[in-house]
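# This is a predicted model, with the sequence first.
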Amino acid sequence: MVKKEYICSKGKRSTLVIEDLHTEIKEGATMILGFAGIGLIGPIVANALIEQIPDIKEIGFVTSEYLPPISVFYQGVLKHPFRIYYSPQHNLIIGIVEVPFQVSAAYNDLSKTITNWLLSDDVKAKEVLIFQGIPQRGIIDDYPVYYAAEEEMIEKLETYGLEKLDKGIIVGPESTILNEALTSKLKAYALFTPVLEIPTPEGAASIIEVLNQIYNLKIETSKLIEEGKEIKAKMLELAEKAQQYQRQQLPQEPKERYTQYFQ
């Protein structure tokens with residue numbers, strides 16, 4: 001199979017491999033990157049796009065010495081854990097990362113490799129988008145979507161009713177992708193939503209509704225919302241069981257304990 005490898009001189013431990021050399025990426029594409037962060041917002045969003053955009057196809061993958069020793073497969077077919085897809089109709093590049101990077105040193109290496117490819121003559125991408133969850137405790141009833149972006153993108157994003165986060169930090173590989181974009185011709189922005197420390201499909205659904213507006217998509221989110229309700233119901237059930245268990249383990253009143261001790 002004929003393929004093309006992109007290795008950045010500053011990111012030598014990661015390689016971006018394009019296997020489909022017949023699909024031409026149109027200039028001005030947007031790359032949407034779904035990293036496996038808290039709440040798994042990134043992979044859930046990316047997977048929904050991959051499943052529902054009609055003309056999308058897998059075009060390549062990313063390898064890295066920093067990827068953890070994990071393999072993934074679907075219906076018995078082995079897949080790279082970091083895959084790249086492209087939709088000519090919407091001019092969208094989707095990157096889905098289904099395993100977390102365990103070494104922080106990987107972040108800069110990886111981001112340089114990806115941005116090097118996006119800025120290459122074969123791609124000439126326009127912007128890059130990442131997602132990150134805002135950790136919450138307990139049950140979440142509402143999933144608003146917030147943004148942080150380069151200044152020239154703010155006016156456009158606010159036309160979609162998004163609220164900006166005034167101050168904060170972004171961590172993980174998402175942060176280095178944004179930092180690399182800030183020092184290049186790429187425009188970058190991030191979308192945030194509240195998440196739990198477990199997969200949060202309802203938050204992903206809120207982000208997808210925003211992407212439907214921005215990129216003129218028709219991604220169905222009802223299945224994700226139902227999954228979120230099921231997770232919430234299970235959480236409530238577990239919480240109730242935990243409370244019952246705690247009540248059973250509580251010590252008796254001091255007087256009762258005193259009486260029982262001397263009987």
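Sure, I can see it. Numbers count the residues shown, from 1 in each chain.

# Low-confidence regions, this structure specifically.
1-2, 6-12, 102-103, 105, 235-236, 238-239, 242-243, 245-263 (pLDDT under 70).

# Give me the most central residue, it.
The centroid of the chain falls nearest to residue 42 when counting by Cα atoms, centre = their mean (1.3 Å).

# OK, contacts around that residue?
By Cβ atoms under 8 Å, 6 or more residues apart in numbering, the residues touching residue 42 are 33, 34, 35, 36, 96, 97, 130, 131, 174. No exception for glycine: its C-beta is placed from N, CA and C like everyone else's.

# can you tell me which of those residues are in strands?
Secondary structure assignment by DSSP state E places 33, 34, 96, 97, 130, 131 of these in strands.

# From the residues you listed, pick the one nearest residue 120.
Nearest to residue 120 out of those is residue 33 (Cβ to Cβ; 16.7 Å).

# thought that closest one was touching residue 84?
No. Using Cβ atoms under 8 Å, residue 33 is not in contact with residue 84; the gap is 9.7 Å.

# can you give me the strands in the stretch 101-250 of the chain?
Listed in chain order, the strands of the stretch 101-250 of the chain (DSSP state E, counting those that start in this stretch) span residues 127-135, 146-149, 163-164, 187-195.

# hang on, the earlier thing: widest-spaced pair of the contacts of residue 42?
The span of the contacts of residue 42, defined through Cβ to Cβ, is set by 96 and 174 at 13.7 Å.

# Neighbour count: those two, which is higher?
residue 96 (26 against 23; other Cβ atoms under 10 Å).

# residues contacting the more buried one?
With Cβ under 8 Å, 6+ apart, residue 96 has these contacts: 34, 42, 43, 46, 47, 50, 82, 83, 85.

# Go through these and flag which are in helices.
Cross-referencing the contacts of residue 96 against helices under DSSP state H gives 42, 43, 46, 47, 50.

# and which of those residues is nearest to residue 192?
Closest approach between the ones in helices among the contacts of residue 96 and residue 192, by Cβ to Cβ: residue 42, at 11.6 Å.

# Apart from its chain neighbours, what residue comes closest to that closest one?
Among residues not flanking residue 42 along the chain, residue 34 sits closest, at 3.3 Å (Cβ to Cβ, 6 or more residues apart in numbering).

# who does that neighbour bridge with?
Under the criterion DSSP bridges, residue 34 forms beta bridges with residue 96.

# Please apply the same query to residue 148.
With DSSP bridges as the rule, residue 148 is bridged to residue 190.
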